[in-house]
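In: I'll drop the sequence and a predicted model, then ask my questions.
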Amino acid sequence: MSNLDQFFAEHRRLRECNAEMAALARRFDPPGTDELNDARWRFTRTLLRTLTLKDRVIYPRLRLHPDAAARATAIRFDESTKSDYERFAAHTKRFPPDAVVRDWRAYAVAVRLRTAEVADRLDREERELFPLLDNAPRVASVSFSQGTNWAADAWRIRAMLGMDGADDRAA
């Protein structure tokens, strides 16, 4: 499997989770808490895995691209990842399971907005970012070029959703 195949496969998985969340958000009545939390966790886990892959593989390669325009595109996407993720993190904090139960309609509207943003972002990455990898130098995977600790957020969100008992790993 080439790197591009790997990235497109990650995007396919994220698109599936995104579509699942969008479908849940179109329901008039909320799904059961377990069903929703399971879907939220699948989406979160897939998103964080995808972000880690990009952070460790895509952006380091594109920062070394011989074309200045390609480097600028990579920087723009990398920087927008930070603000996109901040919105996602704020969304998850705003809507713990009890808040979703209290105000399903507000949560559903927020999910529809977030899922539209994710779909747009994936489309733009596949159209504008991934093709730049064809001419980018190969480099070893590096860890956390942005300094974001995706794993700590994963534990925090997992605990918030009640997937595990709260423990010291949750940030």
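Out: Ah, there it is.
In: burial check on the residue lying closest to residue 11 once chain neighbours are set aside, number of neighbours?
Out: In this structure, residue 11 finds its nearest non-sequential neighbour in residue 122, 5.3 Å apart by C-beta to C-beta, 6 or more residues apart in numbering. To be clear about C-beta, it is placed using only N, CA and C from the backbone, and glycine gets the same treatment. Residue 122 has 18 neighbours, counted by other C-beta atoms under 10 Å.
In: quick one: residues contacting residue 122.
Out: By C-beta atoms under 8 Å, 6 or more residues apart in numbering, the contact list for residue 122 reads 11, 14, 15, 18.
In: and the third one, what element?
Out: Here residue 15, judged by DSSP states H and E, is contained in helix 3-25.
In: touching, residue 51 and residue 81? I think so.
Out: Yes. Contact criterion C-beta atoms under 8 Å: residue 51 and residue 81 qualify, at 6.8 Å.
In: element containing the residue most central in space within the chain, please.
Out: What sits nearest the mean C-alpha location of the chain, by C-alpha atoms, centre = their mean, is residue 47, with 2.9 Å. Here residue 47, judged by DSSP H and E, is contained in helix 33-53.
In: the residue nearest to residue 45 when sequence neighbours are not counted and residue 41, how far apart?
Out: Spatial nearest neighbour of residue 45, excluding adjacent residues (C-beta to C-beta, 6+ apart): residue 154 at 6.6 Å. Residue 154 sits 9 Å away from residue 41, going by C-beta to C-beta, to the nearest Å.
In: ok, now residue 133?
Out: 30 Å.
In: how about residue 29?
Out: For residue 29, the distance to residue 41 - C-beta to C-beta - is 21 Å.
In: and what of residue 24?
Out: For residue 24, the distance to residue 41 equals 13 Å [C-beta to C-beta].
In: check residue 159 too.
Out: Counting by C-beta to C-beta - residue 159 and residue 41 are separated by 11 Å.
In: which SSE is immediately downstream of the helix ranked longest in the chain?
Out: Looking across the chain with DSSP state H, the single longest helix is helix 68-94. Downstream of helix 68-94, the first helix or strand assigned by DSSP H and E is helix 97-102.
In: what about the nearest residue to residue 47 once chain neighbours are set aside, how many neighbours?
Out: Leaving aside its chain neighbours, residue 47 sits nearest to residue 14 (6.2 Å; criterion: C-beta to C-beta, 6+ apart). Residues near residue 14, counting by other C-beta under 10 Å, number 21.
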